[in-house]
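Engineer: I would like the atomic coordinates for the input below:
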Amino acid sequence: MALRTETDKETGVALVTLDRPEKLNAIDLATAEELVAVWRAFRYDDEVRAVVLTGAGGRAFCTGIDRGVDVPQPSSPYTIDDPLIAIGPKANDLWKPVIAAVEGMACGGAFYLLGEAEFVIASQEATFFDPHTTYGMVSAYEAISMAQRMPFGEVARMSLMGTAERVSARRAYETGLVSEVTGAGGAVAAALRAAAVIASYPTAAVQGTVRAVWSAKEAARTQALAHAPHLIALGNLAPERQAELFEGRGRGGGEPRIR
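Structural biologist: This next block holds a predicted model:
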C-alpha cells in the first residue's frame, strides 16, 4: 500500500499520508487508485468529519506522477488519458474539508491535490514549483488549479519558469497559496489542530460552507479545465523527447533559485 490512513475517532480527523518516501511520494497508478478509493470511502464514513493530507519522509509532499509509469495514449488529438485527473477529493465528490500539510517539495502533479484542498499549511522549508515546461510538457491542469489560489502573474511565473525557480513557503504565503507557515516539521501538527476545530462543528454546516466556497469559482474552473486536454495534446513533446530532457536534468543548470 502506498497510502496510509489513520482516523482519530475522538476528534473526527483522518490523516492521509502518501507513503512512497523513496520516490519522493510520486504517484504511480496504484497510488492513484488508492487515493480515489479513500476519498470515496470517506463519503460514507460519518466518523470522519475533516481530513489532513500529507506526504511521508519530510523531503517531499508529492512530486507528481511517477516518471516510471507507462500511460498509453489514444491517437486522437482531441483527448488525453491523465491518470491524475481523479486523485483529488472534489473529483470524487467528497465535500468534507481537506487540509494539505506540506513538508519539503510540492511540484507538478502535486497541484492536483493542493488545488482540491480547502487550504494549505506548509513548513518553512517547503518549496513549490512546476517542472512541466522544462521537460516539454504543457502545464494545464496544474496551472488552472493554482490560478484559483494565486494571482495570475505568480501562477504564470511558476508555470513558465519550470525547474529553474522554486517558490518558498514564505512567498507562497504572501501570494495566497499557503494559509500558514510553521517551523520545520510542524505542518502536520498545525493542520491536525485546525482540522480538529473544524471537525468539532456541526458537519452539515461545515460541508455546506465547503460547497458554497467552491461554488464561487467552480464555473470558471470547469470551463478552463475543458480546454486542458486539447492544450496538452497539441503542446506536449513526444514522450521519448520528454524522457531525454528528464534524463538530462541538472546537467550544467546549477541549483534552482528559491524566491
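
Engineer: what comes up buried for the lowest-mean-pLDDT helix or strand in the chain?
Structural biologist: Within the chain, no helix or strand scores below helix 239-247, which has a mean of 77 by mean pLDDT, DSSP states H and E. Residues of helix 239-247 classed as buried by neighbour count (16 or more other CB atoms under 10 Å): residue 242. Bear in mind the C-beta positions are built from the backbone N, C-alpha and C, glycine included.

Engineer: Need the residues that contact it.
Structural biologist: Residues outside helix 239-247 that contact it (CB atoms under 8 Å, 6 or more residues apart in numbering): 67, 134, 135, 136, 137, 236, 237.

Engineer: What segments of the protein are helices?
Structural biologist: With DSSP state H as the criterion, the chain has helices at 29-42, 110-114, 141-147, 152-161, 169-175, 187-199, 203-235, 239-247.

Engineer: so the longest one versus helix 187-199, what angle?
Structural biologist: Between the axes of helix 203-235 and helix 187-199, defined by axes from the mean of the first three to the mean of the last three CA atoms, to 10 degrees, the angle is 130 degrees.

Engineer: who does helix 203-235 touch, helix- and strand-wise?
Structural biologist: Packing partners of helix 203-235 (3 or more CB pairs under 8 Å, 6 or more residues apart in numbering; DSSP states H and E): helix 141-147.

Engineer: Show me how far the helix it packs on is from its chain's centre.
Structural biologist: The chain centroid and the centroid of helix 141-147 are separated by 10 Å, computed with CA atoms, centre = their mean, to the nearest Å.

Engineer: can you list contacts of it?
Structural biologist: Counting by CB under 8 Å, 6+ apart, 82, 84-85, 108-109, 111-112, 114-116, 130, 132, 155-156, 158-159, 177, 221, 224-225, 228 sit against helix 141-147.

Engineer: If I look at the closest residue to residue 158 other than its chain neighbours, what pLDDT would I see?
Structural biologist: Leaving aside its sequence neighbours, residue 158 sits nearest to residue 130 (CB to CB, 6 or more residues apart in numbering; 5.4 Å). Listed pLDDT for residue 130 reads 95.

Engineer: So, low pLDDT: which residues of the protein?
Structural biologist: In the predicted model, the chain carries pLDDT under 70 at residues 73, 77-79, 250-254.

Engineer: Now do residue 161: how many residues are near it, please.
Structural biologist: Other residues near residue 161 number 19, with proximity taken as other CB atoms under 10 Å.

Engineer: Could you check how far it is from residue 190?
Structural biologist: Noted for residue 161: a distance of 28 Å to residue 190, by CB to CB, to the nearest Å.

Engineer: can you check residue 116 too?
Structural biologist: Applying CB to CB to residue 116 and residue 190 gives a distance of 20 Å.

Engineer: what does residue 158 give?
Structural biologist: 24 Å.

Engineer: quick one, which of the two is more surrounded?
Structural biologist: residue 158 (27 against 20).

Engineer: Give me whichever of the helices of the chain is most buried.
Structural biologist: A comparison of those by mean neighbour count, using mean count of other CB atoms under 10 Å, puts helix 110-114 on top with a mean of 27.
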